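Engineer: Provided below for reference: sequence and predicted model.
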Amino acid sequence: MKQIVRDLPSDLAASVFVVLHIGPVSHLAGILDRAGPLHARTAVNGAIFKRGNIYVAPPNYHLLIHDDHIMLRRGPRENLSRPAIDPLFRSAALSFGPRVIGVVLSGSLSDGTAGLRAIKAMGGLAVVQDPQDAAVPAMINSAMRYVDVDHTAPAADIGALLGELAVKPAGEASPAPPHLRLEAAIAAQEHSTMQEEDRLGEISVFICPECHGPLWEIEDGDMVRYRCHTGHAFTSEAMLEAQSVEVDEMLWSLLRAHQQRAEFTRRMAQRESKKNLPALAAQLAARAQEYTDDARVIERILESRQAAVSEHEATPEQEHGKKRSG
């Protein structure tokens, strides 16, 4: 991000909006402000944005664009993140159509792909970092798989490229698909009903990993996505990640429960033994051993899952890291 911002022209004929998957605290606006010629600031709800400025999504808020002003919303997480890239891209596409340039940089999973498809559907341009230049190319590879990308470049060339593209005439505008307006409205926390959301796709057999409500399966061209009635949204990759996290939480909870049952039953056996009730004490001790054995089985499952994750993350293309978009 610093390299790209450093190379942007001081008279850039565009506004720049940045979403980075971050924790509860972010210093990104100050870092980018010092990195290049453009003024960078944390986005403020309701502010009118201007050319030649960089606006950074604050922690825990989706950054959206509506006409000439910024909207910040604490809407449902998308692809396990808030802020997420897809809501920004959709809102920009709806407001500015062919004048939008979406950029996807290094990051894990697949946030940004659906939003980049929305930008292309409205006549805009898609730019991605060269995956060979990225520390974590998963997001880029996803975008290149599902989107007809216009430009691929290393980070060292993207700033100058954006300066060139910003002064070229925009293409023709395209009508907005109804599902795009509906998904943008959900992210903006505008009124919607479950009946309206039926238009997004078919109800699936899966439940939302976040709120455990029903999920709609959305066929977005050759890309399959999921969204629940409260608004949580997932690509297939994000869905797998969310289910994996949910399984881990369930296994740890089950392990804790079996360990506590084993210890509680063991103490009961000791008390009954002191009361000179050896038969009952033996029964309780045997039950405690069963719970201990069950806990060991769960421990082995968790160990095998961790080993599989470590092997998966050892591959550079699948390494889990920061996710970025501008």
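Structural biologist: Sure, I can see it.

Engineer: bridging residues for the residue nearest to Glu202 when sequence neighbours are not counted?
Structural biologist: Once flanking residues are discounted, Glu202 sits nearest to Glu217: 5.3 Å by C-beta to C-beta, 6 or more residues apart in numbering. Just so you know, the C-beta spots here come from the backbone N, C-alpha and C atoms, and that holds for glycine as well. Taking DSSP bridges as the rule, Glu217 bridges to Glu202, Tyr226.

Engineer: just checking, Glu217 touches Gly201?
Structural biologist: Yes - between Glu217 and Gly201 a contact is recorded at 5.0 Å, counting by C-beta atoms under 8 Å.

Engineer: and the residue nearest to Glu202, what is it in contact with?
Structural biologist: Listed by C-beta atoms under 8 Å, 6 or more residues apart in numbering, the contact set of Glu217 reads Gly201, Glu202, Ile203, Ser204, Phe206, Val224, Arg225, Tyr226.

Engineer: any weak-confidence spans in the stretch 201-326 of the chain?
Structural biologist: 309-326 (pLDDT under 70).

Engineer: strands of that one, residue ranges please.
Structural biologist: In the stretch 201-326 of the chain, the strands defined using DSSP state E, counting those that start in this stretch lie at 202-207, 214-220, 223-228, 233-235, 324-325.

Engineer: okay if I get those as JSON lines plus distance to Ala13?
Structural biologist: Conversion of these to JSON lines gives the following (distance: least, C-beta to C-beta, whole Å):
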{"stretch": "strand 202-207", "distance to Ala13": "43"}
{"stretch": "strand 214-220", "distance to Ala13": "31"}
{"stretch": "strand 223-228", "distance to Ala13": "32"}
{"stretch": "strand 233-235", "distance to Ala13": "32"}
{"stretch": "strand 324-325", "distance to Ala13": "20"}
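
Engineer: so among the contacts of Glu217, which ones count as buried?
Structural biologist: The neighbour count (16 or more other C-beta atoms under 10 Å) marks Gly201, Arg225, Tyr226 as buried among these.

Engineer: okay if I get those residues as TSV plus distance to Pro175?
Structural biologist: Shown next, in TSV, are those (distance: C-beta to C-beta, whole Å):
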residue	distance to Pro175
Gly201	20
Arg225	21
Tyr226	25
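
Engineer: what is the nearest of the residues you listed to Ala307?
Structural biologist: Ranked by distance to Ala307 (C-beta to C-beta), the buried ones among the contacts of Glu217 are led by Tyr226 at 28.5 Å.

Engineer: outline the domain layout of this protein.
Structural biologist: In terms of domains, the chain is parsed into 2-175, 191-231, 244-314 (source: automatic domain parsing).

Engineer: and those domains: which comes nearest Ala238?
Structural biologist: Closest to Ala238 of the domains of the chain is domain 2-175 (C-beta to C-beta; 4.1 Å).

Engineer: ends of the closest one, how far apart?
Structural biologist: One end of domain 2-175 sits 35 Å from the other (C-alpha to C-alpha, to the nearest Å).

Engineer: same check on stretch 18-36?
Structural biologist: 14 Å.

Engineer: alright, calling it a day.
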